[in-house]
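Engineer: coords below, sequence missing:
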């Protein structure tokens, strides 16, 4: 698989949805799938993921609960919530607690989901670039502070 492919982690408790998503997007993206939030967290511990797409209604751990855990340990991937239910409380929770990038209704529309993945990846790259610039700036500030202290001491 090409290293420049966007890596997506798709989480859904319905195996048919996992197969369908992988079949639809495996050529264009590097697709990882998980049947539960727990399994997805194990994948995140070993793989670099750019975009996470999760179903809301899953046994054991809802999509929002999963995204909250992701945010604690892996804040970089962009997060997208899918739900087949018009559950506004879940959407509000996802925005507030899971800091989602986007919300889509199930069944998903291939074109809309594809566009959302690409927009999410653009945002991911912007954030990575900003983070890198901030780290460089912090390093420059440390060097400047060191040089000033040296001057003051001499």
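Structural biologist: Yep, that arrived. Fair warning: this is a prediction, and the values are worked out from it, not measured in the lab.

Engineer: so how far is residue 122 from residue 40?
Structural biologist: 23 Å (C-beta to C-beta, to the nearest Å). No exception for glycine: its C-beta is placed from N, CA and C like everyone else's.

Engineer: Between those two, point out the one with more neighbours.
Structural biologist: Set residue 40 next to residue 122 and count neighbours by other C-beta atoms under 10 Å: residue 40 wins out with 26 against 11.

Engineer: show me what contacts that one?
Structural biologist: Each residue near residue 40 by C-beta atoms under 8 Å, 6 or more residues apart in numbering is listed here: 9, 11, 34, 52, 54, 66, 70.

Engineer: now, which of those residues lie within helices?
Structural biologist: Using DSSP state H, the subset of the contacts of residue 40 located in helices is 66, 70.

Engineer: Stretch 122-142: which residues count as buried?
Structural biologist: Across stretch 122-142, burial judged by 16 or more other C-beta atoms under 10 Å covers residue 124.

Engineer: can you give me the offset of that stretch from its chain's centre?
Structural biologist: Averaging C-alpha positions (C-alpha atoms, centre = their mean, to the nearest Å) puts stretch 122-142 18 Å from its chain's average.

Engineer: What mean pLDDT does the longest helix anywhere in the chain get?
Structural biologist: Secondary structure of the chain per DSSP H: the longest helix is helix 110-153. The pLDDT scores in helix 110-153 average 90.

Engineer: Tell me how far that helix lies from the chain's centre.
Structural biologist: That offset, for helix 110-153, works out to 17 Å (C-alpha atoms, centre = their mean).

Engineer: Please name every helix or strand in contact with that helix.
Structural biologist: helix 15-25, strand 51-55, strand 78-83, strand 102-105 (3 or more C-beta pairs under 8 Å, 6 or more residues apart in numbering; DSSP states H and E).

Engineer: wait, doesn't residue 64 sit right on residue 58?
Structural biologist: No - Residue 64 is not in contact with residue 58 according to C-beta atoms under 8 Å; the separation is 10.2 Å.

Engineer: Can you pick out the residue with more neighbours from the two?
Structural biologist: More neighbours surround residue 64 than the other of residue 64 and residue 58, with 25 against 19 (other C-beta under 10 Å).
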